[in-house]
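> Turn this into a model:
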Amino acid sequence: MLNTKEIIDAIVQKHRRSGIDVYDSATVAEMVAFEEKIGFPLPKEFREFYSICNGFGCSKDIFNMLSLTQIMHYSQDYGNDWFYFSEYMIYSDTWGLRLSSAKKYEIFNGSFPELVMTSSLLEFLNRYLKGNLFEVGGLYEWHEELGIK
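Residues are numbered from 1 along each chain as shown. So this is what the prediction gives:
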């Protein structure tokens, strides 16, 4: 599996022609302020991601990895122990991270929050890299594999 920087670089390369905006990295102060808002420390993979880039927006499928600023700007995008970190087609669908009652990190789809997709941002990004949203191996095929219809 690729590391965080390699995945981001590969996503940028894949979407270079169709259009991608990569945001400057988040500062430590921004990450700390965000953690205070959501009530838990970001997992290592999320800290690495935000220290490399504070999100990105892809023209293809109108898919976005949200910046910490974007998330904090809309109170419906976070709560105590959870936040949406990614969205598709202007919030037609979302993906979030939460800290479970067992103190485990869980990535979930906003339309089916009861189903845990993974605990790994790297796995999530690798699925996006492989098939974007709708292609073979992408996020929606992953949903089907997990029983999300």
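> Just the terminal-to-terminal distance for stretch 15-26.
For stretch 15-26, the first-to-last residue distance is 22 Å (Cα to Cα, to the nearest Å).
> Going forward, count from 39.
Happy to do that; since the first residue is 39 now, the last one works out to stretch 53-64.
> Averaged pLDDT, it. What do you get?
Taken as a whole, stretch 53-64 has a mean pLDDT of 97.
> again with stretch 159-175
On average, stretch 159-175 scores 97.
> how about that stretch: buried residues?
Neighbour-count burial for stretch 159-175, with 16 or more other Cβ atoms under 10 Å as criterion, is recorded at L159, L160, F162, L163, N164, R165, Y166, L167, K168, G169, N170, L171. From N, CA and C alone the C-beta is placed, and that goes for glycine too.
> Now the first one: closest residue in space, sequence neighbours ignored.
The shortest distance from L159 to any non-neighbouring residue, by Cβ to Cβ, 6 or more residues apart in numbering, is to E83 (4.0 Å).
> and the one you found, how many residues sit next to it?
19 (other Cβ atoms under 10 Å).
> Helix, strand, or coil at it?
Put simply, E83 is helix when judged by DSSP: H, G, I helix; E, B strand; the rest coil.
> contacting residues around it?
T42, S158, L159, L160 (Cβ atoms under 8 Å, 6 or more residues apart in numbering).
> can you tell me which two in the residues you listed are farthest apart?
T42 and S158 (10.8 Å; Cβ to Cβ).
> Contacts only, for N164.
M39, L40, I45.
> so it is in which element?
Assigned by DSSP states H and E, N164 falls within helix 159-169.
> Can you tell me the SS state at I49?
Using three-state DSSP as the criterion, the local structure at I49 reads helix.
> what about it, neighbour count?
23.
> So A71 versus S113, what's the distance?
Going from A71 to S113 by Cβ to Cβ, to the nearest Å gives 15 Å.
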